[in-house]
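Chemist: My questions are about this predicted structure, shown below with the sequence.
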Amino acid sequence: MTRREGIDNRLLAALPAADFDLVMPDLEVVALHQDEALSRAGDKIEHVYFPHSGAVSLMIHMANGKSVATAAIGREGGVGLLSVLGPSPSAITAVVHAAGLASRIPASRFHAAFTRSPAIRQSVQTHIRALLVQLQHGAACNALHPVEARLARWLLHFRDCVNRDVLPLTQEALSEILGVRRTTVTLLMRNLRACGAIRADRRGQIEIDPPRLAAVACECHETMRLEVEEIFSPDPAQPRILVWSAEAAGETGNST
């Protein structure tokens, strides 16, 4: 692939040219297919993915068969970046919950570039800090906030990732993300439709109204969004990577 051609991933696009050249020969653009597992818990991480579009959920599967999402990654970050910390097996399963495209590189080749480039190391550190924000706030949110508010938070987060108001999510996927029964999700979606937070809920497609959905969500979505913005743009004079907010959505409208 030509350097920077078609690079919509924020971490890759932000690299200086010389540092991007360290990874460019090993990058390939691949499709992220709906419900595809990019890595599984217990397996060695073979590739690092930098989404250009779509969203990937980091899932924890429990011994009783239940699962729950701990974070979601879109074009602001990468999947498998923690492989640079060592060859230990993956602790999570990374599942595509919104199809898209990504640049993929073998984990060994990315690790080689990581050791040579301070800029790449800084990008990985930035990603890890942003991921920790999700993990920390997500843990508190799961423990303290009602499931309807958590569902609204996740829908807004996926909206941030895909940058459109029609989300390619099934109720089955949402039940896994939230760690609740499918019947619970069905009831919650009915409530969100009744208050106008969801405009339509067709099979595998959920159309949301971001401002109304934000009114239902807990404060965690906005708190996480602002903290991640600060991480990616410590200098307030510089453009921020994540610019969408529920308030802005009311002005700009649907981006689809």
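Modeler: Received, thanks. As the structure is a prediction and not an experimental result, all values here were calculated from the model.
Chemist: Now do the same contact list for Gly42.
Modeler: 89-90 (Cβ atoms under 8 Å, 6 or more residues apart in numbering). All C-beta atoms are positioned from the backbone trio N, CA, C, and that covers glycine.
Chemist: ditto for the one 4 residues further on
Modeler: Contact partners of Glu46, counting by Cβ under 8 Å, 6+ apart, are 39, 106-107.
Chemist: Restricted to buried residues, select those in PyMOL.
Modeler: PyMOL command restricting the contacts of Glu46 to the buried ones, with burial defined by 16 or more other Cβ atoms under 10 Å:
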select buried, resi 39+106+107
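Chemist: Tell me how the chain divides into domains.
Modeler: 10-118, 145-252 (automatic domain parsing).
Chemist: on that earlier part again, nearest to Val185 among the contacts of Glu46?
Modeler: Ser39 (25.4 Å; Cβ to Cβ).
Chemist: For that closest one, which residues are in contact?
Modeler: 45-47, 79-80, 90, 92-94.
Chemist: And Ser53, by the same measure?
Modeler: Contacts of Ser53 by Cβ under 8 Å, 6+ apart are 8, 32, 74-75, 100-101, 162.
Chemist: if we take these, which one ends up nearest to Ala139?
Modeler: Among the contacts of Ser53, and counting by Cβ to Cβ, the member closest to Ala139 is Gly74, at 20.4 Å.
Chemist: ok, the closest one to Phe158 distance?
Modeler: 8 Å (Cβ to Cβ, to the nearest Å).
Chemist: what's the overlap in contacts for these two?
Modeler: Common neighbours of Gly74 and Phe158 (Cβ under 8 Å, 6+ apart) are Ala55.
Chemist: Phe110: neighbour count?
Modeler: The tally of other residues near Phe110 (other Cβ atoms under 10 Å) stands at 26.
Chemist: what residue is smack in the middle of this structure?
Modeler: Ile73 (2.0 Å; Cα atoms, centre = their mean).
Chemist: Dig out what that residue forms beta bridges with.
Modeler: Val56 (DSSP bridges).
Chemist: could we number from 4 for the rest of this?
Modeler: With 4 as the first residue, the last one maps to Ile76.
Chemist: got the residue ranges for the strands in the stretch 54-203 of the chain?
Modeler: Using DSSP state E, counting those that start in this stretch, the strands found in the stretch 54-203 of the chain span residues 58-64, 70-76, 96-101, 103-109, 169-170, 201-205.
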